[in-house]
Every structure is written in C-alpha cells, then in structure tokens.
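Participant: Test case, fold it:
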Amino acid sequence: MSDYCVCGAAVRNVWENAYQDLPPEERPAPRWSHVPGSDTRCTDVRLIRDLVPDGQMIRDTAQLMASLNDRARRARAELEGYPAVLAEVTEELARIRSTLDQPDTVRRATLVEVWERLVNGGQLPAAKIIMAMMRETKGDES
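Facilitator: Take a look at the predicted model:
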C-alpha cells in the first residue's frame, strides 16, 4: 500500500523492514520519509490519511461564513430599497421632462440662444433688450 505526504509525494516507512521480526505491538512507531527520487521541497512528512482538520481553521471558516451571511443579508435589505428609489427618480425625471415642454421654459431657452448669438455678433444693445426679456421670464417663474 502506498502512502502519500500532503505535498503529494509518495512516502515510505523507513523502519518497515528493520523490525519485521518483532511482534506488531513491540515495533517502534513508523518513521516516514519521502520515497528516494521524489521531487519535493517538503521536509516534514505529514500523511494525508492522518491529516486532521485544524480546529482554528474550522473556527475561522465558520466566522467568515457568518460574516458572509451577515453581508448578504445587508445587501439583500439594501436591494429591497432600490425599487422605491427608482420610482422616485422616475417621478422626478417625468417632472423635469414636463417642465421642458412648458411655454416659459421654451421661451427662456430661446431667449438664451438669441442672447448668445447677439453677444457673439457684437450687437450689445440688442443683447441688453433680450437680457431684460430673460429677467421678465425669470420673474414669471418665481
């Protein structure tokens, strides 16, 4: 029967043949070594079949799982609030869109465009008239 180290290399009991003439109860505990020629850097042979899960590792894993469950619960609660937020944003967007079609908004946007063209064209007296009209439109909104 072939045994393997946790590093994956085959191992053998170096005393297996030395104490065969003794009864099993008098034989010394096995002394494991990597099989000669195994390509491993491992210096401490640990048999896979003897590997017992580390208690601290189990506790750490349980703690991480509890943390993960807690984070998942919080994320789920946060996601449940998204439909309400999305509804509010949709309502606000609809309100903004409705204001874009109102005559005062269209008039103000048109006046701003005309004012920019007049200023860029150097026609400042006409731009002052448009500015006064924009102030009137702004006063109507409040």
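Participant: Could you measure from residue 3 over to residue 42?
Facilitator: Distance from residue 3 to residue 42, counting by C-beta to C-beta, to the nearest Å: 14 Å. Just so you know, the C-beta spots here come from the backbone N, C-alpha and C atoms, and that holds for glycine as well.
Participant: before we move on, what about residue 20?
Facilitator: According to C-beta to C-beta, residue 20 stands 27 Å off from residue 42.
Participant: Neighbour count: these two, which is higher?
Facilitator: residue 42 (14 against 8; other C-beta atoms under 10 Å).
Participant: The more buried one should be in a strand, yeah?
Facilitator: No: the assignment for residue 42 (DSSP: H, G, I helix; E, B strand; the rest coil) gives coil, which keeps it out of a strand.
Participant: which helix in this protein runs the most residues?
Facilitator: helix 55-100 (DSSP state H).
Participant: relative to helix 55-100, how tilted is the next helix-or-strand element following that helix?
Facilitator: Using DSSP states H and E, the helix or strand that follows helix 55-100 in sequence is helix 103-120. With axes from the mean of the first three to the mean of the last three C-alpha atoms, to 10 degrees defining the directions, helix 103-120 sits at 80 degrees from helix 55-100.
Participant: where does this structure dip in pLDDT?
Facilitator: Residues of the chain meeting the criterion pLDDT under 70: 1-2, 52-53, 139-142.
Participant: Now do the same for the residue sitting furthest away from the middle of the chain: helix, strand or coil?
Facilitator: Within the chain, the residue lying farthest from the chain centre (C-alpha atoms, centre = their mean) is residue 21, at 62.8 Å. Assigned with three-state DSSP, residue 21 falls in the coil class.
Participant: Number the residues from 15 up from this point.
Facilitator: Renumbered: residue one is now 15, and that last one reads residue 35.
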